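S.K.: I would like to see how this sequence folds:
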Amino acid sequence: MPSGHTEGGGLEFHPLDQFIVRPLFGDGPIHWYTPTNVTLWMAIAVLAIAALFVFATRGRATIPSRSQSIAELIYGFTYKMVEDVAGKDALRYFPYIMTLFVFILFANFLGLIPMSFSTTSHIAVTAILGFGVFFGVTILGFVLHGTKFLGLFWIKEAPLFLRPIIAVIEVISYFVRPVSHSVRLAGNITAGHAVIKVFAGFAALAVISPVSVLAITAIYGLEVLVAGIQAYVFAILTCVYLKDALHPAH
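M.R.: Modelled structure (predicted):
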């Protein structure tokens with residue numbers, strides 16, 4: 001039976017099947033220690049990062065190779081972003097933001113390889129990243145400023161009678177940050193991959209197959225942009241949250 005067809009001759013799509021977590025060995029239950037397709041592609045992302053930033057740049061040539069140029073470009077871009085958004089005093093936390101940005105960037109792009117697995121499409125992965133940023137900057141804010149960190153929620157420039165209302169809104173907005181931070185990334189990656197899978201199902205119909213192929217090509221090109229943009233958005237929002245922790249006074 002051709003892929004995408006049902007026994008009745010119609011089309012049947014399962015665009016979310018590509019996000020199912022499966023064990024690498026056997027078909028048994030999945031435990032916290034079970035190697036899965038998620039852990040495999042996360043490991044591949046880490047190895048790819050190590051290959052670019054460790055092995056490809058260890059020569060530190062005066063005239064850099066292509067791989068060294070790419071590594072230096074990513075490094076310089078992230079360094080400039082942290083400095084511009086969060087300030088020079090935030091550069092001590094640059095390694096953390098650089099790690100987040102590069103991991104998400106590589107995971108997103110690896111997920112675009114046919115037959116691969118997109119780890120950042122899972123909220124379990126992005127939530128760890130998002131809540132890690134949330135707890136990190138919150139703890140940092142209290143460590144550096146103590147109770148003065150709560151000044152982040154008290155807008156002194158607002159009229160006095162509006163300050164309590166704004167404070168409640170600010171507190172709610174602050175605690176929603178990790179949710180929006182993680183859901184935004186997972187949602188955008190999931191949506192793009194699902195749409196590609198749907199159009200791939202239409203490719204089984206000879207009548208509209210050329211249109212389907214063109215649509216897949218266009219969406220794939222868009223997903224390449226989304227992969228980079230979502231990594232950038234995650235990193236720059238982390239810089240914004242870090243700036244709030246370093247300078248909580250409005």
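S.K.: From here on, just use CA atoms for contacts and neighbour counts.
M.R.: Fine.
S.K.: Please, where are all the helices along this protein?
M.R.: 37-50, 66-86, 94-110, 123-145, 163-202, 209-246 (DSSP state H).
S.K.: Pick the most deeply packed of the ones you listed.
M.R.: helix 94-110 (a mean of 20; mean count of other C-alpha atoms under 10 Å).
S.K.: So which elements touch that helix?
M.R.: Helices and strands touching helix 94-110, as assessed by 3 or more C-alpha pairs under 8 Å, 6 or more residues apart in numbering; DSSP states H and E, comprise helix 37-50, helix 66-86, helix 209-246.
S.K.: got the angle for it vs helix 209-246?
M.R.: 170 degrees (axes from the mean of the first three to the mean of the last three C-alpha atoms, to 10 degrees).
S.K.: follow-up on the earlier one: now for the helices and strands packed on helix 94-110, which one comes closest to residue 144?
M.R.: Proximity to residue 144 (C-alpha to C-alpha) singles out helix 209-246 among those, at 7.4 Å.
S.K.: Surely residue 212 touches residue 205?
M.R.: No: between residue 212 and residue 205 there is no contact under C-alpha atoms under 8 Å: 9.0 Å.
S.K.: Mind putting the helices of the chain into CSV with mean pLDDT and distance to residue 21?
M.R.: Output for the helices of the chain, formatted as CSV (pLDDT from 0 to 100; distance: least, C-alpha to C-alpha, whole Å):
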stretch, mean pLDDT, distance to residue 21
helix 37-50, 94, 6
helix 66-86, 93, 31
helix 94-110, 96, 16
helix 123-145, 94, 11
helix 163-202, 90, 14
helix 209-246, 92, 21
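S.K.: Between these, which one is closest to residue 16.
M.R.: Among these, the nearest to residue 16 by C-alpha to C-alpha is helix 163-202 (6.4 Å).
S.K.: Distance from the chain centre to the closest one, please.
M.R.: Relative to its chain's centre, helix 163-202 lies at 11 Å (C-alpha atoms, centre = their mean, to the nearest Å).
S.K.: Also stretch 122-131?
M.R.: Distance, centroid of stretch 122-131 to centroid of chain: 9 Å (C-alpha atoms, centre = their mean).
S.K.: Make CSV out of the helices of the chain and add distance to residue 14.
M.R.: Below are these laid out as CSV (distance: least, C-alpha to C-alpha, whole Å):
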stretch, distance to residue 14
helix 37-50, 18
helix 66-86, 36
helix 94-110, 21
helix 123-145, 19
helix 163-202, 8
helix 209-246, 16
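S.K.: Out of these, the one nearest residue 25 is which?
M.R.: helix 37-50 (9.8 Å).
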